[in-house]
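*Asks:* Could you look at this predicted model? Sequence included:
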Amino acid sequence: MIRDEFMTLLDRSGFNDRVRTHALDAWNVLEAVLAEQHCVPETLKAIDSGCLSSLGSRLENDDIEAFLIKLAAIRVILLGAGHTPASIRCLQARVRRRRIEGAPNGKYQFIKILVK
């Protein structure tokens, strides 16, 4: 089963608890996306990039850092399953840093913003 393969690769990944939690959250969303699109393959490597393309828009992006960790974790798992960087190119996000009002110590502060 594809979930078992994911869990095996997740265990081998060496992720810390925080990243592991984000990876599981992203996997649950990916499972739902695959089921909705009727493209649940036998293996992770067989997941079509077209089926992966809507994952980024379905992940919660209120917390940009968490969103980026989820994308990165899923990419690592899929690369471990045999995908190539080109086949998972759709699992990326463009981020722009925007300077905000300085901290009390006078140093610049930045926030990350997703670029659509």
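*Replies:* Structure's in. What do you need?

*Asks:* got a list of what the residue most central in space within the chain touches?
*Replies:* Most central in the chain under Cα atoms, centre = their mean is residue 71, positioned 1.5 Å from the mean C-alpha point. Neighbour list for residue 71: 26, 55-56, 59, 91-93 [criterion: Cβ atoms under 8 Å, 6 or more residues apart in numbering]. In this view, the C-beta of every residue, glycine as well, is placed from N, C-alpha and C.

*Asks:* starting at the chain centroid, how far to stretch 9-18?
*Replies:* Stretch 9-18 has its C-alpha centroid displaced from the chain centroid by 14 Å (Cα atoms, centre = their mean, to the nearest Å).

*Asks:* buried set for it?
*Replies:* 9-10, 15 (16 or more other Cβ atoms under 10 Å).

*Asks:* Show the model's pLDDT score for the closest residue in space to residue 54 that isn't next to it in sequence.
*Replies:* Spatial nearest neighbour of residue 54, excluding adjacent residues (Cβ to Cβ, 6 or more residues apart in numbering): residue 33 at 5.7 Å. Note on residue 33: pLDDT of 93.

*Asks:* Residue 33 and residue 58 touch, don't they?
*Replies:* Yes: with contact defined as Cβ atoms under 8 Å, residue 33 and residue 58 form a contacting pair (5.8 Å).

*Asks:* These two: which has the busier surroundings?
*Replies:* More crowded of residue 33 and residue 58, by other Cβ atoms under 10 Å: residue 33, with 19 against 13.

*Asks:* hang on, the more buried one in a strand?
*Replies:* No: read with DSSP: H, G, I helix; E, B strand; the rest coil, residue 33 is helix and lies in no strand.

*Asks:* Any stretches of the chain with poor pLDDT?
*Replies:* 103 (pLDDT under 70).

*Asks:* hey, where'd the strands end up in it?
*Replies:* With DSSP state E as the definition, the chain shows strands at residue ranges 94-100, 109-115.
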